[in-house]
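Peer 1: this one's sequence-less:
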């Protein structure tokens, strides 16, 4: 039986140590760096970096090789949270049990800290040590797919659609398009990055794409369910907020039970996509199951 | 005599056409794309892209090869303007004679349009056609230097210092550090990118670095002077705003005449750095002079 708990704890330490290393320089005391690290080290679940590392391993690659990509993806995720929390967007004051960046610092600093994390992600992905010929092509491909996933046809479009849909009742189809962009695109990019570093072949890349689309969606369905019946103390944030904001969610459209069935179904299909992978994909299998069983 | 006016007009058309090409897709009517292109095509001077193209040509490279970098640099510059104009930062309502992005659209859209332009810059710099071996190393190096220049130790730190200095009287030294970061870093990266694409040698890269540091500073001194005695109608923005905000500027510290002398001195030194370059560097020479003679 694969021990996911200790796997996640180990990868978490690995990613956190690596992230901290990037900020060990004389500028550490600068307000901008304080704001960046405040949000980056605020106890996130590190799902994207863990998926990136697990994908590299699933195809026979080394986690150390994928670590810079894993860190860059977490920087991009964190920047998106900082900006989404801003007063003119979601106006959230609490994130992971702590004041959001613009509350802990100020709005200008939060905007710039988000900008800086996004920019730094690309600095990490283009580190000089990657500039050996074969390697350079891989990293250039990763920069391209990550920037596409995070950009105006991916994550940012998803956020725009989310803003535009507030107060409206969406169909399941519209909800899926929005989530596929807002959270799915970067999750897919996380797995693809890891797989490319691990030298995946085309068939493996395709199967991992299918896996990531299913778990990306399941992750969102589970999030919506947690917003209805989660434990605020465990989650570090309030529940019932979607309903308060009249947001379209899976429970609000399908009902709670059908939503749970749907999430299970998605995970079943995610696992099917991994059928031809060997034991090295066990972490990805365990993560799929964890996604709908997690409490935060 | 080198005809700078028609050189700039020609490069402007080239860059504008290339920028528009990036947005010719079915998403064109999306609000996010409208906001991105609204600011990107608002009639900017295209100084960074022109410097990038001119640097490539100065070392014997082709402008067509440098064009993607030129476009990416303008996207980064435009994103920084959109975010700097936001209510919580500079709270500017007019830019290049038009309402700023958050006025023309809304604050959330402006934040996300800025994010999207920054992200797209890296997508452009990592285009798949660059992924041939030798080429890939060059573009990876460019991504690294551009992200470093735009990031929390470069442009963003400069913006943080600018915010922190409002209402304080800075020394000339402090003012120079702030400007070297806020505008200088990206100008330097523009020239370095073009030079790398043009296959510059180390000595050329070093001389172009010196050139860019001098003109970057001169550009800022000239901007401060224009804010005192420029023509608002020609500039498309109000003058006297620095004094109103009690901002430290070269005229406020050195006086107007000394500031003009200083700008001339900087340009003299910028031209000296180009001494060993041949006729192909004439555009760079003409641009240096233009920087302190421009009216907007």
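Peer 2: Happy to help now that I have it. Remember, it's a predicted structure, so these values are computed and weren't measured experimentally.
Peer 1: Now the residue most central in space within chain A, what are its backbone angles?
Peer 2: The residue lying closest to the centre of chain A (Cα atoms, centre = their mean) is residue A:48, at 4.1 Å. The phi/psi pair for residue A:48 (degrees, to the nearest 10) reads phi -60, psi -50.
Peer 1: can you pull the contacts of it?
Peer 2: Each residue near residue A:48 by Cβ atoms under 8 Å, 6 or more residues apart in numbering or on different chains is listed here: A:70, A:73-74, A:77, A:186-187, A:190. (C-beta placed from N, C-alpha, C; glycine too.)
Peer 1: at 6 Å what do you get?
Peer 2: Contacts were defined as Cβ atoms under 6 Å, 6 or more residues apart in numbering or on different chains; by that measure residue A:48 touches A:73-74, A:77, A:190.
Peer 1: taking those one by one, which sit in helices?
Peer 2: Of the contacts of residue A:48, the ones assigned to helices by DSSP state H are A:73-74, A:77, A:190.
Peer 1: And the helices in the stretch 101-250 of chain A, which stretches?
Peer 2: Listed in chain order, the helices of the stretch 101-250 of chain A (DSSP state H, counting those that start in this stretch) span residues A:101-104, A:107-125, A:133-150, A:155-164, A:172-179, A:185-197, A:202-229, A:232-235, A:241-244, A:250-254.
Peer 1: Turn these into JSON lines, columns for mean neighbour count, distance to chain B and mean pLDDT.
Peer 2: Formatted as JSON lines, the entries for the helices of the stretch 101-250 of chain A read as follows, by neighbours: other Cβ atoms under 10 Å in any protein chain shown; distance: least, Cβ to the nearest Cβ, whole Å; pLDDT from 0 to 100:
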{"stretch": "helix A:101-104", "mean neighbour count": "21", "distance to chain B": "8", "mean pLDDT": "98"}
{"stretch": "helix A:107-125", "mean neighbour count": "26", "distance to chain B": "4", "mean pLDDT": "98"}
{"stretch": "helix A:133-150", "mean neighbour count": "22", "distance to chain B": "4", "mean pLDDT": "91"}
{"stretch": "helix A:155-164", "mean neighbour count": "22", "distance to chain B": "5", "mean pLDDT": "94"}
{"stretch": "helix A:172-179", "mean neighbour count": "17", "distance to chain B": "13", "mean pLDDT": "93"}
{"stretch": "helix A:185-197", "mean neighbour count": "27", "distance to chain B": "11", "mean pLDDT": "97"}
{"stretch": "helix A:202-229", "mean neighbour count": "20", "distance to chain B": "15", "mean pLDDT": "95"}
{"stretch": "helix A:232-235", "mean neighbour count": "13", "distance to chain B": "25", "mean pLDDT": "81"}
{"stretch": "helix A:241-244", "mean neighbour count": "13", "distance to chain B": "18", "mean pLDDT": "83"}
{"stretch": "helix A:250-254", "mean neighbour count": "19", "distance to chain B": "23", "mean pLDDT": "93"}
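Peer 1: Dump those to TSV, plus distance to residue B:17.
Peer 2: Conversion of these to TSV gives the following (distance: least, Cβ to Cβ, whole Å):
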stretch	distance to residue B:17
helix A:101-104	39
helix A:107-125	26
helix A:133-150	22
helix A:155-164	25
helix A:172-179	32
helix A:185-197	29
helix A:202-229	35
helix A:232-235	50
helix A:241-244	45
helix A:250-254	45
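Peer 1: closest to residue A:4 out of those helices?
Peer 2: With Cβ to Cβ, the closest approach to residue A:4 among these belongs to helix A:202-229: 13.7 Å.
Peer 1: tell me the angle the closest one makes with helix A:172-179.
Peer 2: Using axes from the mean of the first three to the mean of the last three Cα atoms, to 10 degrees, the interaxial angle of helix A:202-229 with respect to helix A:172-179 works out to 110 degrees.
Peer 1: who does helix A:202-229 touch, helix- and strand-wise?
Peer 2: Here helix A:202-229 is seen to pack against helix A:185-197, helix A:250-254, helix A:256-273, helix A:282-293 when contacts are counted using 3 or more Cβ pairs under 6 Å, 6 or more residues apart in numbering or on different chains; DSSP states H and E.
Peer 1: contacting residues around the shortest one?
Peer 2: Among residues not part of helix A:250-254, those counted as contacts by Cβ under 6 Å, 6+ apart are A:172, A:221, A:224, A:228, A:259.
Peer 1: about what we covered before: please tell me how far the residue nearest to the centre of chain A sits from residue A:185.
Peer 2: 11 Å (Cβ to Cβ, to the nearest Å).
Peer 1: before we move on, what about residue A:9?
Peer 2: Distance from residue A:9 to residue A:185, counting by Cβ to Cβ: 28 Å.
Peer 1: go on, residue A:113?
Peer 2: According to Cβ to Cβ, residue A:113 and residue A:185 sit 22 Å apart.
Peer 1: repeat for residue A:218
Peer 2: When distance is defined by Cβ to Cβ, residue A:218 is 15 Å away from residue A:185.
Peer 1: pretty sure residue A:122 is touching residue B:122, no?
Peer 2: Yes - using Cβ atoms under 6 Å, residue A:122 makes contact with residue B:122 at a distance of 4.7 Å.
Peer 1: who's in contact with the residue lying closest to residue A:222 once chain neighbours are set aside?
Peer 2: Excluding its sequence neighbours, the residue lying closest to residue A:222 (Cβ to Cβ, 6 or more residues apart in numbering or on different chains) is residue A:292, at 4.9 Å. Contact partners of residue A:292, counting by Cβ under 6 Å, 6+ apart, are A:218, A:222, A:263, A:267.
Peer 1: Is it correct that residue A:146 is in contact with residue A:189?
Peer 2: Yes - between residue A:146 and residue A:189 there is a contact at 5.0 Å, judged by Cβ under 6 Å.
Peer 1: The residue nearest to residue A:169 when sequence neighbours are not counted: how many residues sit nearby?
Peer 2: Spatially, and ignoring its direct neighbours in sequence, residue A:169 is nearest to residue A:248 (5.7 Å; Cβ to Cβ, 6+ apart). Residue A:248 is surrounded by 20 other residues when neighbours are defined as other Cβ atoms under 10 Å in any protein chain shown.
Peer 1: Name the nearest residue to residue A:65, sequence neighbours excluded.
Peer 2: If the residues on either side of it in the chain are set aside, residue A:65 comes closest to residue A:197, at 5.1 Å by Cβ to Cβ, 6+ apart.
Peer 1: so who does that neighbour touch?
Peer 2: Residue A:197 sits next to A:56, A:61, A:65-66 when contact means Cβ under 6 Å, 6+ apart.
Peer 1: And the buried ones among those residues, selectable in PyMOL?
Peer 2: This is the PyMOL syntax for the buried subset of the contacts of residue A:197, where burial follows 16 or more other Cβ atoms under 10 Å in any protein chain shown:
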select buried, chain A and resi 56+61+65+66
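Peer 1: Name the nearest of the contacts of residue A:197 relative to residue B:209.
Peer 2: Of all these, the one with the least separation from residue B:209 (Cβ to Cβ) is residue A:65, at 32.7 Å.
Peer 1: So what does that closest one have for phi and psi?
Peer 2: According to degrees, to the nearest 10, the main-chain angles of residue A:65 amount to phi -70, psi -30.
Peer 1: what separates it from residue A:55, distance-wise?
Peer 2: When residue A:65 is compared with residue A:55 (using Cβ to Cβ), they lie 12 Å apart.
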